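Colleague: what would the 3D arrangement of this be:
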Amino acid sequence: MGKKGGSVILPCELKARDIFHIRLNRQSKNILVYQNKYCSKGVCKKEACDVIINDLSFSDAGKYILDIYYINAESILDPQIRTYQLHIYDDIFVKIGERLKLDVLLPDARQVTHQNKSSTEWKKIWKRDSKKRVKITHDRLNDTDGTLSIKEFTADDAGTYRVLGYEGEILITVTVTDEKNSKGKLNDTDDDKKHNHWGVFGPAGLFVSAVFALLFLILSAAIIKKMQ
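Modeller: The predicted model follows:
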């Protein structure tokens, strides 16, 4: 798993001895892997044959195959193969009444399910069959150029959205929170801080202030008397 915008490591769990070459494939296409010292973004090789994918996006989700080639004194040996299923997740906040946009419709996406924050049930809201025909079961959901959107976001639209592949594997998970609830929690925290602030400087603070004021008056009276 990797968070959108972050990075993830595909571990090969092999030692560097006699490794001649590695090759990373996704959807039958080779992915260029840079040596780590030359790599600041993109896909990099780390140590023996670990692969780092940086600046993750939803489009990075899916199946990866890593071929690891060895060489001996005579020839290049058959590669060892590692297979990975990369799952990308993210958290977003949306205001009530605004448009919710989810750029999650990958070529290998089979269905999108939604779990409301007050329920344990996963409801299918979008599905693509083997003939690439699309069925939408959410009455306010639109599918446009690979983007799912809900025009007027409501509290019931909050929760968790999952994109599943053709084998039922999880490709993407997006947790959606309405901004009102988020801000409400922040306000509650602020109120708690104010309450705690009063607890420290309230009655006890007034008592200490009164004592200092009394001492100040006594000291002032003594100084005035001495001056007379």
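Colleague: okay, and the helix or strand of the chain with the least pLDDT?
Modeller: helix 179-201 (a mean of 49; mean pLDDT, DSSP states H and E).
Colleague: just give the number of residues close to the residue lying closest to Leu102 once chain neighbours are set aside.
Modeller: Leaving out its chain neighbours, the residue that sits closest to Leu102 by Cβ to Cβ, 6 or more residues apart in numbering is Leu148, at 4.4 Å. In short, each C-beta sits where N, CA and C put it, glycine included. By the measure other Cβ atoms under 10 Å, the count of residues near Leu148 is 22.
Colleague: list the contacts for Leu148?
Modeller: Lys101, Leu102, Val104, Leu105, Val112, Trp126, Leu141, Asn142 (Cβ atoms under 8 Å, 6 or more residues apart in numbering).
Colleague: what's the second one in contact with, if anything?
Modeller: Looking back up the chat, that one is Leu102. Contacts of Leu102 by Cβ under 8 Å, 6+ apart are Val112, Thr147, Leu148, Ser149, Tyr161, Val174.
Colleague: hmm, which of the residues you listed are the buried ones?
Modeller: By neighbour count, with 16 or more other Cβ atoms under 10 Å, the contacts of Leu102 hold Val112, Leu148, Tyr161, Val174 as buried.
Colleague: shaky segments in the protein?
Modeller: 16, 36-38, 40, 73-76, 181-228 (pLDDT under 70).
Colleague: show me how it divides into domains.
Modeller: 2-86, 89-180 (automatic domain parsing).
Colleague: and the first one, end to end?
Modeller: Using Cα to Cα, to the nearest Å, one end of domain 2-86 lies 7 Å from the other.
Colleague: quick one: it to chain centroid distance?
Modeller: 22 Å (Cα atoms, centre = their mean, to the nearest Å).
Colleague: contacting residues for the residue nearest the centre of the chain?
Modeller: Per Cα atoms, centre = their mean, the C-alpha nearest to the average position across the chain is that of Asp90, at 3.1 Å. Asp90 sits next to Lys3, Lys4, Gly5, Phe58, Ile172, Thr173, Val174, Thr175 when contact means Cβ under 8 Å, 6+ apart.
Colleague: any idea how far Ser118 is from the fifth one?
Modeller: Taking Cβ to Cβ, to the nearest Å as the measure, Ile172 falls 22 Å from Ser118.
Colleague: who's more crowded, these two?
Modeller: Using other Cβ under 10 Å as the criterion, Ile172 and Ser118 rank with Ile172 on top: 26 against 9.
Colleague: in what helix or strand does the more buried one lie?
Modeller: For Ile172, the enclosing helix or strand under DSSP states H and E is strand 170-178.
Colleague: can you list the buried residues in that strand?
Modeller: Ile170, Leu171, Ile172, Thr173, Val174, Val176, Thr177, Asp178.
Colleague: secondary structure class for Asp156?
Modeller: Of the three states, Asp156 takes helix according to DSSP: H, G, I helix; E, B strand; the rest coil.
Colleague: what residues are up against it?
Modeller: Contacts of Asp156 (Cβ under 8 Å, 6+ apart): Asn116.
Colleague: next one: Arg110
Modeller: Per Cβ under 8 Å, 6+ apart, neighbours of Arg110: Lys127, Arg128, Leu164, Gly165, Tyr166, Gly168.
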